[in-house]
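Trainee: what follows is a predicted protein model with its sequence.
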Amino acid sequence: MELSASTHSIRALGGERERVGGWEGPSAVSSSLAKPEKNIAKRGKRIPQTLSRGNTPSPYYFSKLITTYEEALYWARAQNKPLMVIFHLEDCPHSASMKKAFAEDKDIQKVADEDFIILNLVYETTDKHLSPDGQYVPRIIFVDPSMTVRADITGRYSNRMYAYEPSDIKLLLSNMQKAKKLLKTEL
């Protein structure tokens, strides 16, 4: 999905759409306005992806706000990318330290921006597959585009299998690579 800051045009799944007054509809403007500008991402400084609520990195321009698990599943399937669901709390010191480590690691940022749909949740979902070993924060679960929760990709803790600490950032990167590689071999 592409969103151009100058024209507010959206290209989703190959079709041109125009956002007018908060509504989306078929593009009714000239083709010069409907086409997204090239190299916008190279012009400005990219804001690092954090554990901020609902933001997902866009591989094209800037973050698109994804707020629900269902919407994230849709985009993961539509873009054929794995989904990374991050459960956290804003007032949790463990979540805050993980947020900082996640935002500061350039390798994590690159992989997250290019290869994943990210969903940050500060609430639990009703899907029991997203809490196979209980509800705790921070917790990171991977879901492939076929909507299969990747319970095999875990952290290093036996009592909190999907938890990561700031010292585990390289393990998280490795697990992101696993989620990405299996995607290519499975499909």
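Mentor: Nice, thanks for sending it over.

Trainee: please name every helix or strand in contact with the lengthiest helix in the chain.
Mentor: Secondary structure of the chain read by DSSP state H shows that its longest helix is helix 169-186. Packing contacts for helix 169-186, counted by 3 or more Cβ pairs under 8 Å, 6 or more residues apart in numbering; DSSP states H and E, involve helix 93-104, helix 106-115, strand 139-143. C-betas here are computed from N, CA, C, even on glycine.

Trainee: residue 85: which of the ones you listed is closest?
Mentor: Shortest separation from residue 85 across the helices and strands packed on helix 169-186 is recorded for strand 139-143, at 4.7 Å, computed as Cβ to Cβ.

Trainee: and the closest one, what does it pack onto?
Mentor: strand 83-87, helix 169-186.

Trainee: CA-only coordinates of it, as CSV, when you get a sec.
Mentor: The C-alpha trace of strand 139-143 is given here as CSV (Å, rounded to 0.1, in the frame of the first residue of the first chain):
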residue,chain,number,x,y,z
ARG,A,139,5.2,-10.5,24.1
ILE,A,140,6.0,-10.9,20.4
ILE,A,141,4.1,-13.4,18.2
PHE,A,142,4.7,-14.0,14.5
VAL,A,143,1.8,-14.9,12.1
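
Trainee: point out where the protein drops to low pLDDT.
Mentor: 1-64, 182-187 (pLDDT under 70).

Trainee: how's it carved up into domains?
Mentor: For the chain, automatic domain parsing gives the domain ranges 1-40, 45-186.

Trainee: would you confirm that residue 99 contacts residue 88?
Mentor: Yes: the pair residue 99 and residue 88 qualifies as a contact (Cβ atoms under 8 Å) at a distance of 6.9 Å.

Trainee: how about residue 156, phi and psi?
Mentor: phi -100, psi 0 (degrees, to the nearest 10).

Trainee: how much space is there between it and residue 132?
Mentor: Distance from residue 156 to residue 132, counting by Cβ to Cβ, to the nearest Å: 16 Å.

Trainee: who's in contact with residue 115?
Mentor: 81-82, 176, 180 (Cβ atoms under 8 Å, 6 or more residues apart in numbering).

Trainee: my guess is residue 69 contacts residue 85. True?
Mentor: Yes: between residue 69 and residue 85 there is a contact under Cβ under 8 Å: 7.1 Å.

Trainee: distance of residue 80 from residue 181?
Mentor: 14 Å.

Trainee: ok, now residue 79?
Mentor: Counting by Cβ to Cβ, the gap from residue 79 to residue 181 is 17 Å.

Trainee: ditto for residue 124
Mentor: As for residue 124, its distance to residue 181 is 29 Å (criterion: Cβ to Cβ).
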